[in-house]
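Engineer: Attaching a predicted model along with its sequence, questions to come.
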Amino acid sequence: MNTHIAIFASGSGTNAENIIQYFSKSKSIEVSLVVSNRSDAYVLERARLLKVPELIITKKEFSESEYYVLTKLRDFHIDFIVLAGFLLQIPKYLIQAYPGAIINIHPALLPRFGGKGMYGDHVHKAVVEAGEKESGITIHYVNEHYDSGAIIHQEKCTVDPADTYEDVARKVHRLEYEFYPRIIEDIVSRL
């Protein structure tokens, strides 16, 4: 029996594409749905090209339409939710409906450089401005607060004194692409 994953993303979707490709030949894990809160998010185009159903759920629907959101996820038999650059806070009802089955990746070593508004280049700029000697990724469970769920896995990369935030972003993306699908696979295999 397959475990059905939904990927939630708000932007370009490079991590989503990487995850979809990683599981494309899996006999036990299937990316069954890509959800975005933005109709113009390029992740939706990536999903179409990779033949994965996509769904737009607006911020208002997430916050006010619990029945609609949960019904849509059940329609696709979703067992596990992966956040990959999803910028909305996950509502409490969704966390309760998927206990221990929603994870996120953050582009820094939490608890530093986390919280509302800390995503993408905002994080990398903050890391460089703070003079950090390392950055990395944190994969964690999702709870009702931004970036504060239990940490599952962290990977580090060095930040050299001459690095720009773009350099840090490239190093962090390499870690995301290498480790996020493998950690997802490990967690799902234990469900």
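Structural biologist: It's in.
Engineer: Dump stretch 91-103 to PDB, restricted to CA.
Structural biologist: Listed next in PDB are the C-alpha coordinates belonging to stretch 91-103 (Å, rounded to 0.1, in the frame of the first residue of the first chain):
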ATOM      1  CA  PRO A  91      -3.800  25.900  10.800                       C
ATOM      2  CA  LYS A  92      -4.300  24.000  14.100                       C
ATOM      3  CA  TYR A  93      -7.100  21.800  12.500                       C
ATOM      4  CA  LEU A  94      -4.700  20.500   9.900                       C
ATOM      5  CA  ILE A  95      -2.000  19.700  12.500                       C
ATOM      6  CA  GLN A  96      -4.700  17.800  14.500                       C
ATOM      7  CA  ALA A  97      -5.800  15.900  11.400                       C
ATOM      8  CA  TYR A  98      -2.200  14.900  10.600                       C
ATOM      9  CA  PRO A  99      -0.500  14.400  13.900                       C
ATOM     10  CA  GLY A 100       3.200  13.700  13.400                       C
ATOM     11  CA  ALA A 101       2.700  13.700   9.700                       C
ATOM     12  CA  ILE A 102       3.500  17.300   8.600                       C
ATOM     13  CA  ILE A 103       7.200  18.300   8.200                       C
END
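Engineer: Could I get the buried residue list for it?
Structural biologist: Within stretch 91-103, the residues scored as buried using 16 or more other CB atoms under 10 Å are 91, 94, 95, 97, 98, 101, 102, 103. (C-beta placed from N, C-alpha, C; glycine too.)
Engineer: mind putting those in JSON lines, distance to residue 10 included?
Structural biologist: Putting the buried residues of stretch 91-103 into JSON lines (distance: CB to CB, whole Å) gives the following:
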{"residue": "91", "distance to residue 10": "15"}
{"residue": "94", "distance to residue 10": "15"}
{"residue": "95", "distance to residue 10": "18"}
{"residue": "97", "distance to residue 10": "20"}
{"residue": "98", "distance to residue 10": "19"}
{"residue": "101", "distance to residue 10": "20"}
{"residue": "102", "distance to residue 10": "15"}
{"residue": "103", "distance to residue 10": "16"}
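Engineer: Which members of these occur in helices, if any?
Structural biologist: Using DSSP state H to define helices, the subset of the buried residues of stretch 91-103 located there is 94, 95, 97.
Engineer: what's the distance between the first one and residue 46?
Structural biologist: In other words, residue 94. Plainly put, residue 94 is 23 Å away from residue 46 if you go by CB to CB, to the nearest Å.
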